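Asks: Model the structure of this input:
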Amino acid sequence: MRGESLDQFGTAPSGSANPIEVSTTDHEADFNNWLKDHRADAQRHFAIDPSRPGAALAEMIELGVPIDTWPFVLTPQFLARGTHTALQTGLTAIFDGIDTVLREKFRHDPGRIAEALRLPPWQRNLPWLAPGRDWARIARPDVVFDSAGAPWFVELNAGTPLGGLAMSAVLARMYGAWPAAAEYLRRAGASHVDTVRALAEHLIEVEHLDRSRLMVIAYWGNEDDNVPPHAYRGLVDALARYGVTAVSAAVEDLDLDGECVRLDGRRVDAVYRFFAETDSVPGFDEELWHHLLEHVRRGSVAMIGKEGADVYLDKAFIAMLSEAAGSGHLAAPLPGRINAALPWTRMMVDEFAETVVRRRGDCVLKPADGFCGRGLIFGPATEQRAWEQAVEDAVTGDQRWIVQRVVSSPMVHLASPGLSGVAFADYSTQTGVFAIGRRFAGAIRRCDPSLGLNVAVSLGAAQGSVQIL
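Replies: Okay, the predicted model is just below:
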């Protein structure tokens, strides 16, 4: 944090709290009160007993969602137009900032960027640097709203393997099967943004996908895959709504030995990369991956999601961006725009250790190459001695870590379905904001019924609908 006061890293930049028209919690409270007044009907429409499921869950049943074990909430998140605008403003600032850093600091040189990010050898050997603006065509940054209602982008998540793409719309459509709920949302002026529609339009207009030709949504076929099967099926079904011919299949099931890629004898024209090319992902097969890349490079199959794009999932990218914004090397007003959207974030190095130990309550440690919330260490929930050890390990160990200012999300009272009926509890939340072609394209909410320090689906967080007012 050269040129900055470390003691200031825990405070929000002045002027960063974007104005919000109406508090989202007011809308949530109103919906909860309405739900309580219609509790019997709600319990019938959202019954999660697999033997007698509620009518509102018909689409989930069709996709194979285990409704009795897959956690979700009934209370939508309501985003006022001002919040929607603030999210788009934050997205644009972050994308513009990374574009600028890639261009001005690194001249789009993969070697220089790999060295700065301290990438492992296997990633340095990939032709991962997408040309121009291609790197951020599809993204789902994680956003935490602070107590003032300001959105903070705590993760970048640029890439195609995003499990909530289809489920965000499934969660929104469930209200339509209950006429009273649909009427409530209509009167409130609420509607959802169909992320998959934006994706389908992007695939056709930007990726030049032929609707009639086969696209395979591909994943590593491993029983420990962190994305549930209904996420693939949901995306296939949702794309079909907009005329895109797609199926889901494991990479291992693709026939890569001929002049073109085939699946069950049928030519595959495009592969939607619903997988990572990292050796830390269960099922990853480096030989298959490079065989597929050979087809991509010679043009026998298109790949949606650039090879090596997982580099942009690396948390070192947001640390690099945050440092650039604080360095004084970026031209105004870009640093202010970045600091208004991104909490202070740095690579965890020795020069920060003393302050990070002292400011435990303000910090979170994250593995730079981590995913799905795994390995995160939150200062506010960690004993001092354990925190000191974690900081020492992060500085001296082989694994790369970042340190980020904690953004505290207020607890929100939400309804959820249970085997005994609708229940209400306090949750902390974060919002996965979908960006297709760098534009806001819907969102999905993640809810944790605990202190709320790690809101990740893979760790048991519930999911919920996001509505725009």
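
Asks: per the record, what domains does this protein have?
Replies: 1-9+11-188+312-469, 194-304 (automatic domain parsing).

Asks: Same list, those, but as TSV with mean neighbour count and mean pLDDT please.
Replies: For the C-beta atoms, the positions are set from N, CA and C on the backbone; glycine is no exception. Output for the domains of the chain, formatted as TSV (neighbours: other C-beta atoms under 10 Å; pLDDT from 0 to 100):
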stretch	mean neighbour count	mean pLDDT
domain 1-9+11-188+312-469	18	84
domain 194-304	18	86
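
Asks: Just give me the longest helix of the protein.
Replies: helix 81-100 (DSSP state H).

Asks: Just want the most central residue of this structure.
Replies: What sits nearest the mean C-alpha location of the chain, by C-alpha atoms, centre = their mean, is Arg140, with 3.8 Å.

Asks: From what I see, it and Ile436 are in contact.
Replies: No: with contact defined as C-beta atoms under 8 Å, Arg140 does not reach Ile436; the gap is 9.7 Å.

Asks: ok so, going back, the residue nearest to the centre of the chain and Arg446: what is the separation?
Replies: For Arg140, the distance to Arg446 (C-beta to C-beta, to the nearest Å) stands at 11 Å.

Asks: Show me the common contact partners of the two, please.
Replies: The contact sets of Arg140 and Arg446 overlap at Gly432 (C-beta atoms under 8 Å, 6 or more residues apart in numbering).

Asks: can you give me the strands in the stretch 51-200 of the chain?
Replies: Taking DSSP state E, counting those that start in this stretch to define them, one finds strands in the stretch 51-200 of the chain at 77-79, 138-139, 142-145, 151-155.

Asks: between those strands, which one is nearest to Gly64?
Replies: strand 138-139 (24.5 Å; C-beta to C-beta).

Asks: now the longest helix of the chain and strand 151-155, what's the angle there?
Replies: 40 degrees (axes from the mean of the first three to the mean of the last three C-alpha atoms, to 10 degrees).

Asks: Need the strands of the stretch 51-200 of the chain in CSV (columns: distance to Arg359).
Replies: Below are the strands of the stretch 51-200 of the chain laid out as CSV (distance: least, C-beta to C-beta, whole Å):
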stretch, distance to Arg359
strand 77-79, 30
strand 138-139, 30
strand 142-145, 18
strand 151-155, 17
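
Asks: right, so of the ones you listed, which gets closest to Met174?
Replies: strand 77-79 (14.5 Å).

Asks: and that closest one, what does it pack onto?
Replies: Packing contacts for strand 77-79, counted by 3 or more C-beta pairs under 8 Å, 6 or more residues apart in numbering; DSSP states H and E, involve helix 24-37, strand 439-448, strand 466-468.

Asks: for the helix or strand that the second one is followed by, packing partners?
Replies: Tracing the chain C-terminally past strand 439-448 and defining elements by DSSP states H and E, one meets strand 462-464 next. Strand 462-464 sits against helix 164-173, strand 439-448, with contacts defined as 3+ C-beta pairs under 8 Å, 6+ apart.

Asks: Can you get me the start-to-end distance on stretch 324-339?
Replies: Distance between the two ends of stretch 324-339: 10 Å, counting by C-alpha to C-alpha, to the nearest Å.

Asks: Check the offset of it from the chain's centre.
Replies: When C-alpha coordinates are averaged (C-alpha atoms, centre = their mean, to the nearest Å), stretch 324-339 and its chain have centres 24 Å apart.

Asks: Could you do stretch 318-332 as well?
Replies: Distance, centroid of stretch 318-332 to centroid of chain: 23 Å (C-alpha atoms, centre = their mean).

Asks: Stretch 113-122 too?
Replies: Distance, centroid of stretch 113-122 to centroid of chain: 23 Å (C-alpha atoms, centre = their mean).

Asks: where along the stretch 301-450 of the chain do the strands fall?
Replies: Applying DSSP E, counting those that start in this stretch to the stretch 301-450 of the chain gives strands spanning 302-304, 345-347, 363-367, 377-378, 401-405, 412-416, 423-436, 439-448.

Asks: can you redo these as TSV with distance to Lys105?
Replies: Shown next, in TSV, are those (distance: least, C-beta to C-beta, whole Å):
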stretch	distance to Lys105
strand 302-304	28
strand 345-347	15
strand 363-367	23
strand 377-378	29
strand 401-405	18
strand 412-416	39
strand 423-436	23
strand 439-448	26
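
Asks: Go through those strands and name the closest to Glu205.
Replies: strand 423-436 (10.6 Å).

Asks: Now do the closest one: which elements does it pack against?
Replies: helix 81-100, strand 138-139, strand 142-145, strand 151-155, helix 164-173, helix 195-205, strand 412-416, strand 439-448.

Asks: any idea how far Asp314 is from Gly54?
Replies: 41 Å.

Asks: scratch that, Arg405
Replies: Taken as C-beta to C-beta, the span from Arg405 to Gly54 is 42 Å.

Asks: again with Ala324
Replies: Going from Ala324 to Gly54 by C-beta to C-beta gives 50 Å.

Asks: Is it correct that Thr75 is in contact with Ala462?
Replies: No: the criterion here is C-beta under 8 Å, and Thr75 misses it with Ala462 at 10.5 Å.

Asks: residues touching Ala441, list them.
Replies: 193, 195, 198-199, 434-435 are the contacts of Ala441 under C-beta under 8 Å, 6+ apart.

Asks: Try it again at 10 Å.
Replies: 138-140, 165, 168, 193-199, 201-202, 433-435 (C-beta atoms under 10 Å, 6 or more residues apart in numbering).

Asks: which residues sit in contact with Arg112?
Replies: By C-beta under 10 Å, 6+ apart, the residues touching Arg112 are 102, 105-106.

Asks: Closest to Gly265 out of those residues?
Replies: For the contacts of Arg112, the nearest to Gly265 is Leu102 (42.0 Å; C-beta to C-beta).

Asks: wait, doesn't that closest one sit right on Ile113?
Replies: Yes: assessed by C-beta atoms under 10 Å, Leu102 is found in contact with Ile113 at 7.1 Å.

Asks: can you give me the end-to-end distance of stretch 236-249?
Replies: 11 Å.

Asks: how close does Trp178 get to Ala56?
Replies: From Trp178 to Ala56 the distance is 5 Å (C-beta to C-beta).

Asks: what's the answer for Phe317, then?
Replies: Taking C-beta to C-beta, one finds Phe317 at 39 Å from Ala56.

Asks: still on that earlier bit, need the overlap of contacts for Trp178 and Ala56.
Replies: Going by C-beta under 10 Å, 6+ apart, residues that sit against Trp178 and also against Ala56 are 42, 44-46.

Asks: Just those residues: which are in helices?
Replies: Short answer: these in helices (DSSP H) are 42, 44-45.

Asks: Throw those into TSV and include distance to Gly397, thanks.
Replies: Converted to TSV, these look like this (distance: C-beta to C-beta, whole Å):
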residue	distance to Gly397
Ala42	49
Arg44	53
His45	51
